[in-house]
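Q: Task: produce atomic coordinates for the following.
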Amino acid sequence: MKLRTLVLVIGILLLAVFTALNADEILRPTTLNLGFSQAQAPLGLVMLGVVVVVLAFFLVALVFLQTSHLLELRRATKEASEQRHLADKAEQSRFTDLRQYLQTQYQETLEREQTRTAQDQAHLKAMEDKLLTTLEQTANGLAASIAEVEDRLERQIQKLEQKKSAT
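A: Alright, predicted model coming up:
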């Protein structure tokens, strides 16, 4: 129980006990001046009635304030829920956009890699062809050089044989 409610209940109980203990004095009639006339009534009962009316007024005001507070709280909770729902949708949309962006980037990267691989393979093929051509030319040059050396050796051998036979 809240402190405010507890104080209110204790106050009402104290008023009821006071009224019960002083019931004879509260109900004794007296002359009351109403400003424009006079009347015979028990002053204690009139004052008790005023207190009860004021207490009832404050209780009604309290109920009204509590009700308006609860309605405002319900409205704020509903708005917060709607805002949370909108934020969740926006977040989900951002995740979807991010996923699409990443997929696009992945596809572009994959295409660049494939293009680069094809270029590298073409470059390697050209280098291989160039290397084979160079090797073939080198082999032909070596074969020609070896053939020339063989021809010289054969001529040298023939000259030596001719000199041997001439001597």
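Q: Give me the buried positions along stretch 77-88.
A: For stretch 77-88, the neighbour count (16 or more other C-beta atoms under 10 Å) marks no residue as buried. Every C-beta, even on glycine, is put in place using the N, C-alpha and C of the backbone.
Q: what are the C-alpha coordinates of it, in CSV please?
A: Included here for stretch 77-88 are C-alpha records, laid out as CSV according to Å, rounded to 0.1, in the frame of the first residue of the first chain:
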residue,chain,number,x,y,z
THR,A,77,2.6,3.0,-23.5
LYS,A,78,0.7,2.5,-26.8
GLU,A,79,2.7,5.3,-28.5
ALA,A,80,5.9,3.8,-27.2
SER,A,81,4.9,0.4,-28.5
GLU,A,82,4.1,1.9,-31.9
GLN,A,83,7.4,3.8,-31.9
ARG,A,84,9.2,0.6,-31.0
HIS,A,85,7.4,-1.2,-33.8
LEU,A,86,8.4,1.5,-36.3
ALA,A,87,12.0,1.4,-35.0
ASP,A,88,12.1,-2.4,-35.4
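Q: How about the secondary structure of Leu32?
A: strand (DSSP: H, G, I helix; E, B strand; the rest coil).
Q: Check the spacing between it and Asp24 real quick.
A: Going from Leu32 to Asp24 by C-beta to C-beta, to the nearest Å gives 18 Å.
Q: Among those two, which residue is more densely surrounded?
A: Leu32 (13 against 8; other C-beta atoms under 10 Å).
Q: Pairing partners for that one in the sheet, please.
A: Bridge pairing for Leu32 (DSSP bridges) gives the partners Ala39.
Q: shouldn't it be in contact with Ala39?
A: Yes: using C-beta atoms under 8 Å, Leu32 makes contact with Ala39 at a distance of 5.2 Å.
Q: Which residue ranges of the protein form strands?
A: 29-33, 38-42 (DSSP state E).
Q: ok, and the helix or strand in this structure with the lowest average confidence?
A: helix 23-26 (a mean of 82; mean pLDDT, DSSP states H and E).
Q: Return the distance of it from the chain's centre.
A: Between the centre of helix 23-26 and the centre of its chain there are 70 Å (C-alpha atoms, centre = their mean, to the nearest Å).
Q: cool, stretch 118-132 as well?
A: 50 Å.
Q: now swap in stretch 3-13 and tell me
A: 47 Å.
Q: Report the separation between the residue nearest the centre of the chain and Gln83.
A: Taking C-alpha atoms, centre = their mean, the centroid of the chain lies closest to Glu91, which sits 6.1 Å from it. Distance, Glu91 to Gln83, using C-beta to C-beta: 12 Å.
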